[in-house]
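Peer 1: this is a predicted model, with the sequence first.
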Amino acid sequence: MKREGKPEHLRSDKGPEFIAYAVKDWLDDMKVKTIYITPGSPWEQGHIESFHDKFRDECLNRELFGSLKVARVIVEQWRKEYNQQRPHSSLGYSSPDEYAAVCNRRFQSGSALFPSPIAENKRTRQITNNPAELDF
């Protein structure tokens, strides 16, 4: 909120992982509404449900956390790998950081109003908007 501004609302489910009364109280203090998805309807928030599955399978279920400090270090390492290195199929097999860099360049150049496909050259692993640069 400090960096991007206050949203009108945050959406979440009411699952046991998300019972956080302190967060709810803080959101109320910030005048941010909480919108809950319909119970038993994970498709209403498919991206986060997919993320939670990956986070649980790839991090939480594979690690034994000896302390809160160890958990913070391991989760932070996983978060960095997920956002900075790991290719995401929904982003043309680029990492979120690579995809954001392409989007930022397009936005700054003014071409964001007329988006072109983003693809990756499989040989060089470079992200491109120019199909002529692709190596199939």
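Peer 2: Sure, I can see it. Numbering: from 1, shown residues only.
Peer 1: now do the contacts for the residue lying closest to residue 83 once chain neighbours are set aside.
Peer 2: Nearest non-adjacent residue to residue 83, counting by C-beta to C-beta, 6 or more residues apart in numbering: residue 96, 4.9 Å away. Yep, even glycine has a C-beta here, placed from its N, CA and C like the rest. Taking C-beta atoms under 8 Å, 6 or more residues apart in numbering, we find residue 96 in contact with 82-84, 88.
Peer 1: make it 10 Å
Peer 2: Taking C-beta atoms under 10 Å, 6 or more residues apart in numbering, we find residue 96 in contact with 82-88, 90.
Peer 1: can you check residue 84 too?
Peer 2: 95-98.
Peer 1: find the pair from those with maximum spatial separation.
Peer 2: Pairwise distances across the contacts of residue 84 (C-beta to C-beta) peak at 7.4 Å, for the pair 96 and 98.
Peer 1: shared neighbours, those two?
Peer 2: In contact with both residue 96 and residue 98: 84-85, 87-88, using C-beta under 10 Å, 6+ apart.
Peer 1: quick one, phi/psi of residue 9?
Peer 2: The phi/psi pair for residue 9 (degrees, to the nearest 10) reads phi -150, psi 160.
Peer 1: can you map out the strands along the chain?
Peer 2: Assigned by DSSP state E, the strands in the chain fall at 9-12, 33-36, 119-120, 127-128.
Peer 1: just to revisit the earlier point, tell me the one among the contacts of residue 84 nearest to residue 23.
Peer 2: Using C-beta to C-beta, residue 96 is the member of the contacts of residue 84 that sits closest to residue 23, with 23.8 Å.
Peer 1: burial measure for residue 75, as a count.
Peer 2: By other C-beta atoms under 10 Å, the residues close to residue 75 number 15.
Peer 1: how much space separates the nearest residue to it once chain neighbours are set aside from residue 94?
Peer 2: Of all residues not flanking residue 75 in the chain, residue 59 sits nearest, at 6.5 Å (C-beta to C-beta, 6+ apart). For residue 59, the distance to residue 94 (C-beta to C-beta, to the nearest Å) stands at 21 Å.
Peer 1: these two: who's more crowded?
Peer 2: The neighbour comparison of residue 59 against residue 94 (other C-beta under 10 Å) goes to residue 94, with 22 against 17.
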